[in-house]
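Student: Kindly generate the corresponding structure for this input.
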Amino acid sequence: MKSLLDQLPKIVADGKREAEQILERLEGNFRIGLQTRELVVPSRDTNWQDFLVEAQRSKANLDPARMNRLIYGDNLLAMAALLAGNDDMPSYRGKVDLIYIDPPFDSKADYRTKITLPGGDLEQKPTVLEQFAYSDTWKDGTASYLQMIVPRLVLLRELLSDEGSIYVHIDWHVGHYVKVVMDEIFGKDLFINDIIWKRGTPRGNASGHFPHSTDNLLLYAKTQDYYFESVYTEHKEGYIEKYYNYFDEKLKKYFQPTSLLGHSGINPEYEWRGITKPWRYPKHRLDQLDQEGRIYWPKESGMPRYKRYVDETKGRPVQSLWEDIPPVNSQASDKLNYDTQKPEALIQRILEASTQQDSIIADFFSGSGTAAAVAERLGRKWIASDLGKPACMITRKRLIDQDAKPFLYQHVGDYQVEMARSAYGRKFRIGDLADIVLGLFGALPLPLEENPTRSLGRIPRTKTLVMVDSPNKMTGLATLRKALSLRDNHMGGWDKVVVLGWNFDPSIGHDIQGLNEGEKLEVLVIPPDLFDRIKKKGTKLKAEEVRFSSLQYLVLGDVKRGRNGDKETLTVPLDNYVLLSPEALNLDEASRAKVQDIINKDPLALVEYWSIDPDYDGEIFRSVWQDYRGNRDNDDDPLRVTTVALLSGLPVKKGTRRVCVRAVDVFGFEAEAIVEVAG
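Tutor: Down below sits the predicted model:
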């Protein structure tokens, strides 16, 4: 087997080629897009009513070019979508001023999600889709990690502005290899710093080695015109008293005498006031400083020195060894119980050094959202992306909690199509998807003359028809009616029809209930990670290894409108939450039993987050009211959301008000319900 050093040139070449192919596709007809799932208007903002009125008048508030965005999905596809742009969003190519990434790497890590429910704690393993970002899926260790990071670094460089820079946060596992890769992609001459962060004191004693207590941040620039501003920390206690101990009687201020000399061989050497030295400043500047009283002349013979007044000191310049920022500990006020969470002080220092007001920053392994949260607080624009649903939920709640400006929550569009192209090559066509899905579901395709779209199959030895919907459309009422018609009429009729879909209309749960077909109609979700699993080398999936899960949906109670002076009120109760089959969750048997118990007794306890758009237009979901577990503004139960929302101060609306409610459960699954309420 080749050593990693022997493999590295090929890894870099292959990664560059993969990135080039993505960039080439951006110039063609097929472009990956971002689908806006939610316009989040944090309800803690007392001006949300004004925002809603303004949003009704004009779409200017929804200009994606001016909005921050949280993106769920594979960051390689998110980068491609940002580079491509579209009619609603200009390309971000050359627009991002700072990129911070903290790609996880720990071969012994087990990235389970801990879920606390009224019945006790559960541990959910990540889905295959989410595991892509985690080390325990990289079967070839460091080589797999480098294969992942190389094409991403190439695309990240394309996103950077000419004044931009990138910080890559890594540890001892792969730091030296990533440094070599970044030298190749960014150029050795654009390597600025290797920053050492002392993240804390290790517990206990390591056996056979010195304990690991530091991380590295590799800082590279896009060009030599990169922006950088020195940052400072406070002087150590007693420093001011010790060194600023000279007093200027005229200005009544303490000062510290500092050297006026430069470096021999660098600064010009000349005679000034009878002293020949390599002076730091030109002669006319020294004369000016002396005239202004900024030169200290010792009473006895000695070198003149510059007066640095105490009110001019900014503190100690921060150097490349950062020992003053502790990690997020168990008592930290910003702790979110996210394993890889980084302290806000660390990100703040980076932003203060490498960005300005209105700079655009991006983090494509956003985790708990620290970079976005700090950027929001410092007035920077931000893009945050993560492949993990729990990470996106934590980030969204964190930003709502800190009164963030309205931001977009987006998904990578056509994810399954792109993954299929990656798995099967350029010859792949969307029509090929149905054959693959039918086979994995255990169905046989119908004869071509009865199945021109190749989307229909049958379960052997039964009278069950199977219909596979396209990933390019939403499975909704029209699809269900077509499926029922095929069930009753196609090839003499069938006893039952099963519809397999990728993406679903928000009202699909209510549509299924309304059709009242019972067991004669079944609607199942095609696993979103299906093609990630197919793409894995050496993986040949069998039908019994793939689970097609049932839908989850939300049931609302009686939604009521009211009047309060010149404003409207809206009362929205949650009545029930129907979860997909627990068998489809990545849980052990004991945890599944706990979930089933909650489904039977208290299903709304599974809701992690829910939000309301009181005037849904069918296109953009404007989330102007939110509640989530742990939020004590609406109730005092950290394990449950409130089940009744009261929106007051709404502008009066004549006629019907279309209310849309969205919920996310503790496992990251989403559901919607829409109701029209008469005036």
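Student: List the buried residues of stretch 567-576.
Tutor: For stretch 567-576, the buried set under the neighbour-count rule, 16 or more other Cβ atoms under 10 Å, comprises 568, 570-572, 574. From N, CA and C alone the C-beta is placed, and that goes for glycine too.
Student: typo on my end, stretch 301-309
Tutor: Buried, per 16+ other Cβ under 10 Å, within stretch 301-309: 304-308.
Student: average pLDDT for that stretch?
Tutor: The average pLDDT within stretch 301-309 is 88.
Student: can you give me how far it is from the chain middle?
Tutor: 53 Å (Cα atoms, centre = their mean, to the nearest Å).
Student: which residues make contact with it from outside it?
Tutor: 244, 246, 248, 251, 253-261, 273, 275, 289-290, 293-298 (Cβ atoms under 8 Å, 6 or more residues apart in numbering).
Student: just to revisit the earlier point, closest one of the buried residues of stretch 567-576 to Ser368?
Tutor: Ser368 lies nearest to Leu574 out of the buried residues of stretch 567-576, by Cβ to Cβ, at 26.9 Å.
Student: and the closest one, that one's in a strand?
Tutor: Yes - remark: Leu574 belongs to a strand, assigned using DSSP: H, G, I helix; E, B strand; the rest coil.
Student: Contact partners for Arg280?
Tutor: By Cβ under 8 Å, 6+ apart, the contact list for Arg280 reads 259-262, 267.
Student: Turn the residues you listed into TSV, including secondary structure and neighbour count.
Tutor: TSV is the format used below for those (DSSP: H, G, I helix; E, B strand; the rest coil; neighbours: other Cβ atoms under 10 Å):
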residue	secondary structure	neighbour count
Ser259	coil	10
Leu260	coil	21
Leu261	strand	17
Gly262	coil	15
Asn267	strand	15
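Student: hang on, the earlier thing: out of the buried residues of stretch 301-309, who's nearest Asp588?
Tutor: So of these, ranked by how close each gets to Asp588 (Cβ to Cβ), first place is Arg308, at 64.9 Å.
Student: quick one: what helix or strand has that closest one in it?
Tutor: Taking DSSP states H and E as the criterion, Arg308 maps to strand 305-309.
Student: again, but for Glu352
Tutor: Applying DSSP H and E, one finds Glu352 within helix 344-354.
Student: I'd like to know which elements that helix is packed against.
Tutor: If you count contacts as 3 or more Cβ pairs under 8 Å, 6 or more residues apart in numbering; DSSP states H and E, helix 344-354 packs onto strand 96-101, strand 160-170, helix 370-378.
Student: Those: which one's closest to Thr479?
Tutor: Proximity to Thr479 (Cβ to Cβ) singles out helix 370-378 among the helices and strands packed on helix 344-354, at 36.5 Å.
Student: could you check the angle strand 160-170 makes with the closest one?
Tutor: With axes from the mean of the first three to the mean of the last three Cα atoms, to 10 degrees defining the directions, helix 370-378 sits at 130 degrees from strand 160-170.
Student: CA atoms only: put helix 370-378 into PDB for me.
Tutor: The C-alpha coordinates for helix 370-378 follow below in PDB (Å, rounded to 0.1, in the frame of the first residue of the first chain):
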ATOM      1  CA  THR A 370     -20.600  30.400  16.500                       C
ATOM      2  CA  ALA A 371     -19.200  32.200  13.500                       C
ATOM      3  CA  ALA A 372     -22.600  33.400  12.400                       C
ATOM      4  CA  ALA A 373     -23.600  34.500  15.900                       C
ATOM      5  CA  VAL A 374     -20.400  36.600  16.300                       C
ATOM      6  CA  ALA A 375     -20.700  38.000  12.800                       C
ATOM      7  CA  GLU A 376     -24.200  39.100  13.500                       C
ATOM      8  CA  ARG A 377     -23.200  40.700  16.800                       C
ATOM      9  CA  LEU A 378     -20.300  42.600  15.100                       C
END
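Student: For it, name the packing helices and strands.
Tutor: strand 68-72, helix 344-354, strand 360-363, strand 381-386, helix 389-401.
Student: Provide the contact partners of it at residue level.
Tutor: Against helix 370-378 from outside (Cβ under 8 Å, 6+ apart): 68, 70, 100, 341-344, 346-348, 351-352, 355, 361, 363, 366, 381-382, 384, 395, 398-399, 402, 404-405.
Student: tell me which of the buried residues of stretch 301-309 is nearest to Val664?
Tutor: Arg308 (55.6 Å).
Student: mind checking how far that closest one is from Gln291?
Tutor: The gap separating Arg308 from Gln291 is 18 Å, by Cβ to Cβ, to the nearest Å.
Student: among the helices and strands of the protein, which has the poorest mean pLDDT?
Tutor: Ranking every helix and strand in the chain by mean pLDDT, DSSP states H and E puts helix 128-131 at the bottom, with a mean of 44.
Student: Output the helices and strands packed on helix 344-354 as TSV; include the columns mean pLDDT, distance to Lys560 and mean neighbour count.
Tutor: Below are the helices and strands packed on helix 344-354 laid out as TSV (pLDDT from 0 to 100; distance: least, Cβ to Cβ, whole Å; neighbours: other Cβ atoms under 10 Å):
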stretch	mean pLDDT	distance to Lys560	mean neighbour count
strand 96-101	98	46	25
strand 160-170	97	50	23
helix 370-378	96	35	24
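Student: Save those as a markdown table, and put in distance to Ile508 too.
Tutor: Listed next are the helices and strands packed on helix 344-354 as a markdown table, based on distance: least, Cβ to Cβ, whole Å:
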| stretch | distance to Ile508 |
| --- | --- |
| strand 96-101 | 36 |
| strand 160-170 | 41 |
| helix 370-378 | 31 |
